[in-house]
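Student: Fold the following and give me the result.
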Amino acid sequence: MKLVFIYGMPASGKLTVARDLARITGFKLFHNHLAVDLLLTTFEFGSEPFVQLREEIWLSVFSHACRSGIPGLIFTFAPESTVRPTFIDETIRTVSDQGGELDFVGLTCPIEELKRRLDNPSRREFGKLTSADLFDELRAEGILDDSYMPKPKLILDTSVLTPADAAARIAETLGLQR
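Tutor: Numbering: from 1, shown residues only. Got it, this is the predicted structure:
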């Protein structure tokens, strides 16, 4: 199984690009808000049970996807400070120990464009960050931290590419065929 791990700041286009990539490749899409939204029904964001269960869910899905024989899985991720530093290493180990492959893809976008995109109505569907003021506050506090992310195989600026073009570039670079 190939895990395509797409990460970037809020509103960088991760889910939109991932949906296009899923259409191109036939890979399943598991975006991080599926686990986040499930857990928010019971636990406060960032609380100990929330953090632990969120990562257990993510890792369990990766593990089961490897064992199930599906060809690929696309995962979207927004690096931030409530993610434990060990999560990335655990992801790599979970996938590689079961014979899977993992490629990281980073999406970037200028801050002013990210802030403009935050108010997009599509972001409300999954309870995503929609406030530019809160975005600025989180950045100032160092909460939106991607310093622990490994070097991606590909970095794309979504302010200059359409989601379809970004997805096509990912598929081409990673050699993903339907």
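
Student: Pretty sure residue 59 sits in a helix.
Tutor: Yes: Residue 59: assigned to a helix according to DSSP: H, G, I helix; E, B strand; the rest coil.

Student: Tell me how far it lies from residue 53.
Tutor: Counting by C-beta to C-beta, to the nearest Å, the separation of residue 59 from residue 53 is 11 Å. (Each C-beta comes from the backbone N, C-alpha and C, glycine too.)

Student: For residue 9, what are phi and psi?
Tutor: Backbone torsions of residue 9, given as degrees, to the nearest 10, read phi -70, psi 160.

Student: give the contact list for it.
Tutor: Applying C-beta atoms under 8 Å, 6 or more residues apart in numbering, we find residue 9 in contact with 78, 107-109, 114, 144, 146.

Student: Make a ChimeraX selection of whichever of the residues you listed turn out to be buried.
Tutor: Buried residues among the contacts of residue 9 (16 or more other C-beta atoms under 10 Å), as a ChimeraX selection:
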select :78,107,108,109,114,144
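
Student: Now render the contacts of residue 9 as a markdown table, adding pLDDT, secondary structure and distance to residue 165.
Tutor: Shown next, in a markdown table, are those (pLDDT from 0 to 100; DSSP: H, G, I helix; E, B strand; the rest coil; distance: C-beta to C-beta, whole Å):
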| residue | pLDDT | secondary structure | distance to residue 165 |
| --- | --- | --- | --- |
| 78 | 93 | coil | 22 |
| 107 | 97 | strand | 12 |
| 108 | 96 | strand | 15 |
| 109 | 96 | coil | 14 |
| 114 | 88 | helix | 19 |
| 144 | 89 | coil | 25 |
| 146 | 88 | coil | 23 |
